[in-house]
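K.L.:
missing the sequence, but the structure's below:
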């Protein structure tokens, strides 16, 4: 899910002259655009029946939504309805975005801490703590609150009330992540939102020049502070109008900077202090991974952080072979120089299933079973499957490959003709369920063969979810951390709304594991959509203790866990 839902609204808005006088959308226009949105999900969305079963959300029951659309008094209310409808799917891959680049910050960030590692779909809990402060905006002599202090209210509205409101517009497969997105939006607002941000359509109208913020200090004392909002971008007040001319809006914007929170999605740098004696290898600008070695109990433990399942070098995406080559070299070094390996996919926002599979092949000692996928059978899938069959036949592919696509086409055609919700499962990659470990030119296995512990959290999304499921399903090692996000398929993103000009994405298939899992709060299932992948050892980085000691407690728990694992017989 790495590809961002960055809006194209700025380009559209800068083409408009100021002042703008276009009226709000008509009721008919709003109804038409909402029907288009609902039809897109009805036609493409694979987990529709799953969401109805788990959350009671029926995306096809549009009557109440259309009634709200017809009663909406302005375009921002319409956008709120669109956000809420899509967020109701509880799906990290399925998000709605309006075209706006407007944002505002109070100069500090917050997140949800001490939430525990809950596994069910029920709303998460936790404390909303300050985790970064930009002292160039908030000097300590005027604003003496500190990292770890608790946010209680903004403008007289308590944080729980804010979270309840903003959660309606936060799209996430995971209740803990949804709460985090809503909490962050209290003090760092985005009108459009993003993959890890809750949208807040009415924010430009409801964000004044300053806010009164109430904070509980470490001592227990409660202080109130008046803080200026730092605003950027061009607010959108209706589907065809900004509230200021673009030049004037940009002149009035107040630039601000904010360092990353505990760990930003896709960050190369680990989100916690590394163990004593850690010797860093990778992690310089231009590297795709962060790695090193640390000692424990007379053993040498390797560590590789995979920040995303695309080869990210800074803000650039490199060709996949470059990332694979670096990982292959590091796996070879770790094989020769370590007794065990820790692989970190915490806050990994996903990416390419092919890239993730190739990374895994360098960690597998034997052929392994990949995930399968089920699809929403529609004409797009039918056409695509027919094209793959025709291409295989035209290229005189191996008879087994041609037979696979013939069967796939027949299965999709039958599911479509019978009006089924989903197809039968097919391999996610290639034509066979079983994949080979990495081999050299002579066919020798060159993967890491020693024990592995995998680190995960609720921000391990999409391809990172899938990677973790493959790791667990093939019993490659143990998992340490928090259950993964539960982004259980692949996304398709398109512009949405003839008049409202939004953007949306839908999960067009569902990953299927090789066995049924039983997780409290969910029905028995082979999906990890919403369910996530459960760790063997629960350990939470997002605690106040870790916030204040830079994750040293989490790091020590990690060292203890891998040490204990190595002492067990038959550690893989």
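P.N.:
That came in fine, so what should we check first? Computed from a predicted structure; not experimentally measured.
K.L.:
who are the neighbours in contact with residue 388?
P.N.:
Contact partners of residue 388, counting by CB atoms under 8 Å, 6 or more residues apart in numbering, are 405, 408. Backbone N, C-alpha and C define where each C-beta goes, glycine included.
K.L.:
Quick check on it: phi, psi?
P.N.:
phi -60, psi -40 (degrees, to the nearest 10).
K.L.:
Could you measure from it over to residue 354?
P.N.:
16 Å (CB to CB, to the nearest Å).
K.L.:
can you check residue 53 too?
P.N.:
Distance of residue 53 to residue 354, given as CB to CB: 31 Å.
K.L.:
which sections of the stretch 1-150 of the chain are below the confidence cut-off?
P.N.:
The stretch 1-150 of the chain contains residues with pLDDT under 70 at 1-22, 117-119.
K.L.:
again, only using 80
P.N.:
Counting by pLDDT under 80, the stretch 1-150 of the chain has low-confidence residues at 1-23, 116-120.
K.L.:
how about the helices in it?
P.N.:
9-14, 27-44, 48-55, 63-71, 75-87 (DSSP state H, counting those that start in this stretch).
K.L.:
burial count for the nearest residue to residue 501 once chain neighbours are set aside?
P.N.:
Leaving out its chain neighbours, the residue that sits closest to residue 501 by CB to CB, 6 or more residues apart in numbering is residue 99, at 5.3 Å. Residue 99 sits with 22 neighbouring residues when counted by other CB atoms under 10 Å.
K.L.:
Correct me if wrong: residue 99 contacts residue 192.
P.N.:
Yes - counting by CB atoms under 8 Å, residue 192 is a contact partner of residue 99 at 7.1 Å.
K.L.:
sorry, back to before: which one of the helices of the stretch 1-150 of the chain lies nearest to residue 144?
P.N.:
helix 75-87 (36.5 Å; CB to CB).
K.L.:
So what touches that closest one?
P.N.:
24-25, 30, 33-34, 37-38, 41, 59, 65, 68-69, 72, 94-96, 98, 167-171, 193, 199, 201-202, 205, 237-239, 497, 500, 502, 504.
K.L.:
Please pick the buried ones from the residues you listed.
P.N.:
When the contacts of helix 75-87 are checked for burial by 16 or more other CB atoms under 10 Å, the buried set is 24-25, 30, 33-34, 37-38, 41, 59, 65, 68-69, 72, 94-96, 98, 167-171, 193, 199, 201, 237-239, 497, 500, 502, 504.
K.L.:
So which of those are in strands?
P.N.:
Mapping the buried ones among the contacts of helix 75-87 onto strands (DSSP state E) picks out 96, 237-238, 502, 504.
K.L.:
Break the chain down into its structural domains.
P.N.:
Structurally, the chain divides into domains by automatic domain parsing as follows: 9-252, 279-365+447-487+528-567.
K.L.:
Tell me which of those domains is the most buried.
P.N.:
Scoring the domains of the chain by mean neighbour count under mean count of other CB atoms under 10 Å gives domain 279-365+447-487+528-567 as the most buried, with a mean of 21.
K.L.:
how long is it from one end to the other?
P.N.:
Terminal residues of domain 279-365+447-487+528-567 lie 23 Å apart, using CA to CA, to the nearest Å.
K.L.:
ditto for stretch 71-79
P.N.:
First residue to last in stretch 71-79 (CA to CA) measures 13 Å.
K.L.:
Then stretch 413-424?
P.N.:
11 Å.
K.L.:
Would you check the distance separating that stretch from the middle of the chain?
P.N.:
Its chain's C-alpha centre and that of stretch 413-424 lie 30 Å apart, by CA atoms, centre = their mean, to the nearest Å.
K.L.:
Take the ones in strands among the buried ones among the contacts of helix 75-87 and write them to JSON lines, including distance to residue 481.
P.N.:
Output for these, formatted as JSON lines (distance: CB to CB, whole Å):
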{"residue": "96", "distance to residue 481": "30"}
{"residue": "237", "distance to residue 481": "43"}
{"residue": "238", "distance to residue 481": "44"}
{"residue": "502", "distance to residue 481": "35"}
{"residue": "504", "distance to residue 481": "31"}
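K.L.:
For the helices of the stretch 1-150 of the chain, give me JSON lines that also has distance to residue 417.
P.N.:
What follows is the helices of the stretch 1-150 of the chain, written out as JSON lines (distance: least, CB to CB, whole Å):
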{"stretch": "helix 9-14", "distance to residue 417": "41"}
{"stretch": "helix 27-44", "distance to residue 417": "16"}
{"stretch": "helix 48-55", "distance to residue 417": "19"}
{"stretch": "helix 63-71", "distance to residue 417": "29"}
{"stretch": "helix 75-87", "distance to residue 417": "29"}
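K.L.:
how about those helices, which one is nearest residue 453?
P.N.:
That would be helix 48-55 among the helices of the stretch 1-150 of the chain, by CB to CB, at 30.0 Å.
K.L.:
what does the closest one rub up against?
P.N.:
Here helix 48-55 makes contact (CB under 8 Å, 6+ apart) with 41-42, 57-60, 88-91, 121, 376, 421-422, 510, 522-523, 527, 529-530.
K.L.:
Go again with 10 Å.
P.N.:
41-42, 45, 47, 57-61, 88-91, 94, 120-121, 376, 421-422, 488, 506-507, 510, 521-523, 525, 527, 529-531 (CB atoms under 10 Å, 6 or more residues apart in numbering).
K.L.:
Show me the strands in the stretch 101-250 of the chain, by range?
P.N.:
For the stretch 101-250 of the chain, the strands defined by DSSP state E, counting those that start in this stretch occupy 103-105, 108-113, 127-133, 150-154, 157-158, 188-190, 210-216, 222-228, 230-232, 236-238, 241-242.
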